[in-house]
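Engineer: I'd like to go over a predicted model; first the sequence, then the structure.
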Amino acid sequence: MNESFRRKSKNLLFLDIETVCVVPSFDLLDERMQYLWTMKAANIRNDDNVSVFDLFFKRAAIYSEFAKIVCIGYGGFFWKDDDLNLKVRCLQNDNEKELLLAFKELVERYPQELLVLCAHNGKEFDFPFICRRMLVNGIALPPALQLAGKKPWEILHQDTMEMWKFGDHKHYTQLDLLAALFDVPTSKADISGEDVSRVYHLDHDLPRIAQYCKEDVAVMAQIYLKLIGLPLVPPQNILRGN
């Protein structure tokens, strides 16, 4: 493992968020937000022709104005006896503000001018979603997430999907597909992103979502290694914390 990667990896933090519709039912939105969701829904692809009410539960989780974050998985590399290891953990909380404050505290432990945040489709989803929900909750953004006024080369964020695109702006590739291509093991077959709102609001099983989130982080970190031409972390060197 080259020395340059060793130095960089100390400030490399992999992230994945899990989001759910902010309330379990369209009926629980206040009148103003119901109207605004109805306006939003008119522009959402609806091949199954479901009602505005059902579409809220089915699709609202991907829109930061109508959703909240319930889990933030994170992970990083470390060395032990010259072997590369990966540790993944997850912040989880029904109270979004408390969750985001804990995440901010985590991020601000790193030197902000060196911290590299990495997520799959992070530049289109995870990073802006976190920023928007922080502002909604009245939380000041940590320097590493403040983009206003920065030059492109001053923004250190990385995105495994963007790395795989190689400049092809039309190309979207799911994390699971890259995992299959690079033969990266995954153990999350019992749940997908589309299930998260159901598992949260109907099954009330946040720990299950957190486990799914951690697995995404582990898979993403492994794919990152493949994309920069390095070998995978052996399964026995992947630690999963609380």
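Structural biologist: All right, it came through fine. Numbering: from 1, shown residues only.
Engineer: Flag every buried residue along the lengthiest strand in the chain.
Structural biologist: Secondary structure of the chain per DSSP state E: the longest strand is strand 67-80. Within strand 67-80, the residues scored as buried using 16 or more other C-beta atoms under 10 Å are 67-77. (Glycine included, C-beta is placed from N, CA and C.)
Engineer: Mean confidence (pLDDT) on that strand, please.
Structural biologist: Averaging the model's pLDDT scores along strand 67-80 yields 96.
Engineer: Pairing partners for it, with directions?
Structural biologist: Counting by DSSP bridges, the strands paired with strand 67-80 are strand 12-21 (antiparallel), strand 83-92 (antiparallel).
Engineer: Out of these, indicate the one that is most buried.
Structural biologist: Stretch with highest mean neighbour count among these: strand 12-21 (a mean of 24; mean count of other C-beta atoms under 10 Å).
Engineer: Tell me the one among the buried residues of strand 67-80 nearest to F129.
Structural biologist: Set against F129, the nearest of the buried residues of strand 67-80 by C-beta to C-beta is I69 (7.0 Å).
Engineer: Low-confidence ranges, the protein, go.
Structural biologist: Scanning the chain for pLDDT under 70 picks out 1, 187-189.
Engineer: ok now do the residue nearest to R89 when sequence neighbours are not counted, which residues does it touch?
Structural biologist: Distances taken as C-beta to C-beta, 6 or more residues apart in numbering put G241 closest to R89, at 4.2 Å, once the chain neighbours are dropped. If you count contacts by C-beta atoms under 8 Å, 6 or more residues apart in numbering, G241 has them with 87-89.
Engineer: Would you quantify the distance from G241 to R7?
Structural biologist: From G241 over to R7 the distance is 24 Å, taken as C-beta to C-beta, to the nearest Å.
Engineer: ditto for E108
Structural biologist: In terms of C-beta to C-beta, E108 sits 21 Å off from R7.
Engineer: Which one of the two is surrounded by more residues?
Structural biologist: E108 (13 against 10; other C-beta atoms under 10 Å).
Engineer: Now do the more buried one against Q146, distance only.
Structural biologist: From E108 across to Q146, the span is 12 Å (C-beta to C-beta).
Engineer: now swap in A221 and tell me
Structural biologist: To Q146, A221 is 25 Å away according to C-beta to C-beta.
Engineer: More neighbours: those two, which one.
Structural biologist: Taking neighbours as other C-beta under 10 Å, A221 and Q146 compare with A221 leading, 24 against 13.
Engineer: Which element, helix or strand, includes the more buried one?
Structural biologist: Secondary structure from DSSP states H and E places A221 in helix 206-227.
Engineer: Could you pull out the buried residues of that helix?
Structural biologist: For helix 206-227, burial by neighbour count (16+ other C-beta under 10 Å) applies to 206, 208-226.
Engineer: Ok, stretch 178-197 next?
Structural biologist: When burial is assessed from 16+ other C-beta under 10 Å, stretch 178-197 yields the following buried residues: 178-179, 184, 188, 191, 196-197.
Engineer: Could I get the full set of helices for this structure?
Structural biologist: Secondary structure of the chain (DSSP state H): helices at 3-9, 31-41, 52-59, 96-107, 126-136, 160-165, 175-181, 196-201, 206-227.
Engineer: Mind listing what's buried along the fourth one?
Structural biologist: For helix 96-107, the neighbour count (16+ other C-beta under 10 Å) marks 96, 99-101, 103-104, 106-107 as buried.
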